[in-house]
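Engineer: Okay, sequence plus prediction incoming.
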Amino acid sequence: MLVRNFSIIAHVDHGKSTLADRILEKLGAMGERDKRDQTLDTLELERERGITIKSTPVRLTYHRPLREDGTGGEVYTFNLIDTPGHVDFNYEVSRSLAACEGVLLLVDASQGVEAQTIVNAYLAIDNNLEIVPVVNKIDLPAADPQGAAQELEDVIGIPAEDAVFASGKTGEGVEQILEAIVERIPPPPGDPQAPLKALIFDSFYDAYQGVILFVRVLEGTVRAKDRMMTYSNGKSFEVDKVGTFTPGLIVAEELSAGSVGWIAAGIKDIHDAQVGDTITSKDQPTTDPFPGFKPAQPVVFSGLYPTDTEDYRKLREALERLKLNDAAFVFEPETSEALGFGFRCGFLGLLHAEIIQERLEREYDLDLIATAPAVVYRLTLTNGETFETQNPAEFPTRDRIETMEEPYIKLSIMLPEEFVGPVMQLLQERRGAMITMNYVGKRVELLYEVPFAEILYDFHDRLKSISRGYASMDYEQIGYREGDLVKVDIMVQGETVDALAVIVHRDKAYSLGRKIVDKMAEVIPRQLFPVPVQATIGGKIIARATVKAYRKDVLAKCYGGDISRKKKLLEKQKKGRARMKNIGTVEVPQEAFLAVLSTDE
Ligand SMILES: Nc1nc2c(ncn2[C@@H]2O[C@H](COP(=O)(O)OP(=O)(O)OP(=O)(O)O)[C@@H](O)[C@H]2O)c(=O)[nH]1
């Protein structure tokens, strides 16, 4: 069988989905929606809410046209593997790419190379993939196809003359793309007789079949009834079914070296067989697993509390369900003096956190208070003990700490030359250190090392507003560096509120404390009495604001009015109070817990 395994990578909005649909249409595959329904039917998947079927790879058949010289006419099987499009999921992207021999690297002809173009291209280069550069959207009036091709050469070193020019909208160039896939992307290597070696590049949980693994078989063959083993932990399972994606999940007799398909083996826990791990044969294991396996590791943590304490059990059940399908999501019970019983949850990044929180609220109908997201700090104490903490409430006092380290990222930004000054200033404010700066025509690529905590909240918004939307960014985690960090506590009405504590660099403690108390004074509803809000470090007050007394006035307005009107007004006030927590006698809304996230402007 003639096979090509490939993926499409691009900066957001450069037209990946549109081009993929065009290719599917050209090769006579069904639309995305039909495919999904079929997937569900084939596997009798649980249709209940809360289970999202990930976009599966697509298996396509390409009949190569016959040429005048008598060549062509062969039939190829294409496996098109989808990749997630956000930096939170870059590890998954890199594993999906590892399942391929080549990629189509898409660049919008009117935008040129952007930050994600570069980062994705390097993920492909790191995986030794053949890159087919595609300059897309050439139908646009503002398109500069040659300029975009030249940028690919200047920035990434891909020869401009290799570019295929196309439009996912008009379909122009799609035939050339299909030919380039055949001619330039190598066929998958591998020996079907060798010991089994398969890479897990994605998975999802199904209530009937257990975890369904998406795999690329690199060596050997796998069939139903085989004893398989996950390499990293030595756990073994009997294979129930294997299959391909044609177009839903179709059962097949076997998967052999070079193929892309799925395996169901009654795996109950998604942590037993994680993305990036190697599947091998229990009886005849490979000695050479696929390199680079990293168990999913959350890097951002936040507390989630039900606004109604009665919902605690419901929240736990919902979290357990979400975890079944998501190896990167972790949680454990946590108690806060201010918020009561809740959970400390770990995510791959802010987008991942938002997705989970939204699902909890929408699909499980829960009202939640979320505390400000925090990164994971590494501490060495004066007694020699070392530990990691992501919970500001647990941060020890300064006199007990010997050294403190915080996570750093390598940040890559593409932007027009004219915005370089203000963006460099922003990076300086965020404690960034420049690695390099490259000119690409009239645009600039900035590479910086920045503390992860500094870009966590509002950095992307600020970058976009400073550059009037023209700058793009991407990043990767690069390990830990020492930092002079302090814990800022927040007091409401003289009481320290544990759930509001934040960790921050010493140089920024004052301005952050100011920002938080001002924001809180703004969002806490006025009470019958004035409420002081203070920021403190080690008990010393660094900023203070007051919520003025108010409620009297609301009632005063209807002085002499009938009592029902007063009641209505109070009702109204009460409604606006959904998603609030009582701290002492003061009601604090969700917004206040996220005061630290409000922008600097
Ligand atoms: N003129 C023109 N517009 C296009 C073309 N391809 C895509 N678009 C438009 O560009 C926008 C983004 O296209 P998508 O295919 O959704 O881009 P994407 O890269 O998949 O975006 P994400 O899924 O958000 O990463 C849409 O508004 C498309 O209609 C093209 O070839 N020509």
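Structural biologist: Arrived safely. Numbering: from 1, shown residues only.

Engineer: in stretch 163-181, what's buried?
Structural biologist: By 16 or more other C-beta atoms under 10 Å, the buried positions in stretch 163-181 come out as 163-168, 173-174, 177-178, 180-181. Where you see a C-beta, it was placed from the backbone N, CA and C, and this is true even at glycine.

Engineer: List every C-alpha atom in stretch 215-230, with coordinates, as PDB.
Structural biologist: Extracted C-alpha coordinates of stretch 215-230, given in PDB (Å, rounded to 0.1, in the frame of the first residue of the first chain):
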ATOM      1  CA  VAL A 215      -1.700   5.600  17.500                       C
ATOM      2  CA  ARG A 216       0.900   5.700  14.700                       C
ATOM      3  CA  VAL A 217       2.500   2.200  14.300                       C
ATOM      4  CA  LEU A 218       6.200   2.700  13.700                       C
ATOM      5  CA  GLU A 219       7.300  -1.000  13.800                       C
ATOM      6  CA  GLY A 220       5.500  -4.300  13.900                       C
ATOM      7  CA  THR A 221       1.800  -5.200  13.800                       C
ATOM      8  CA  VAL A 222      -1.000  -5.100  16.300                       C
ATOM      9  CA  ARG A 223      -4.300  -7.100  16.200                       C
ATOM     10  CA  ALA A 224      -7.200  -7.900  18.500                       C
ATOM     11  CA  LYS A 225      -6.300 -10.300  21.400                       C
ATOM     12  CA  ASP A 226      -2.600  -9.200  21.400                       C
ATOM     13  CA  ARG A 227      -1.100  -8.500  24.800                       C
ATOM     14  CA  MET A 228       0.100  -4.900  24.600                       C
ATOM     15  CA  MET A 229       2.100  -2.900  27.100                       C
ATOM     16  CA  THR A 230       2.600   0.800  27.700                       C
END
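
Engineer: what's the most distant pair in the buried residues of stretch 163-181?
Structural biologist: Ser167 and Ile181 (17.3 Å; C-beta to C-beta).

Engineer: before we move on, the earlier item: okay, and which of the buried residues of stretch 163-181 map to strands?
Structural biologist: Using DSSP state E, 164-165 are the members of those that sit in strands.

Engineer: Of the buried residues of stretch 163-181, which ones also sit close to the ligand?
Structural biologist: Counting by C-beta under 6 Å from any ligand atom, 167-168 from these sit close to the ligand.

Engineer: Identify all contacting residues around stretch 427-443.
Structural biologist: Applying C-beta atoms under 8 Å, 6 or more residues apart in numbering, the set of residues contacting stretch 427-443 from outside is 112-113, 147, 150-151, 154-155, 410-411, 414-417, 420, 424, 444-451, 454-455, 459, 505.

Engineer: In ChimeraX, select just the buried ones from those.
Structural biologist: Burial among these is assessed by 16+ other C-beta under 10 Å; the matching ChimeraX selection reads:
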select :112,113,150,151,154,155,410,411,414,415,420,424,444,445,446,448,449,450,451,454,455,459,505
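
Engineer: Go through the contacts of stretch 427-443 and flag which are in strands.
Structural biologist: 410-411, 414-416, 444-451, 505.

Engineer: lowest average confidence, helix or strand, in the protein?
Structural biologist: Here the helix or strand of the chain ranked lowest by mean pLDDT, DSSP states H and E is helix 32-43, holding a mean of 43.

Engineer: where do the helices sit along the stretch 451-600 of the chain?
Structural biologist: 452-456, 459-466, 509-523, 551-557, 563-575, 590-593 (DSSP state H, counting those that start in this stretch).

Engineer: Whatever residue of the stretch 351-500 of the chain ends up closest to the ligand: what's it in contact with?
Structural biologist: Closest residue of the stretch 351-500 of the chain to the ligand, C-beta to the nearest ligand atom: Ser472 (12.1 Å). Contacts for Ser472 (C-beta under 8 Å, 6+ apart) come out as 11, 114-116, 413-415.

Engineer: swap in Ala252?
Structural biologist: With C-beta under 8 Å, 6+ apart, Ala252 has these contacts: 242-244, 261.

Engineer: Quick check: residues of the stretch 101-250 of the chain near the ligand?
Structural biologist: So the stretch 101-250 of the chain meets the ligand at 136-137, 139-140, 167-169 (C-beta under 6 Å from any ligand atom).

Engineer: These: which two are farthest apart?
Structural biologist: Leu140 and Gly168 (11.2 Å).

Engineer: which residues do these two both contact?
Structural biologist: By C-beta under 8 Å, 6+ apart, no residue touches both Leu140 and Gly168.

Engineer: I'd guessed Leu2 sits against Thr77; true?
Structural biologist: Yes. Leu2 lies in contact with Thr77 (C-beta atoms under 8 Å); the separation is 6.7 Å.

Engineer: give the contact list for Leu351.
Structural biologist: Per C-beta under 8 Å, 6+ apart, neighbours of Leu351: 86, 88.

Engineer: now do 10 Å
Structural biologist: Leu351 sits next to 84, 86-89, 300 when contact means C-beta atoms under 10 Å, 6 or more residues apart in numbering.
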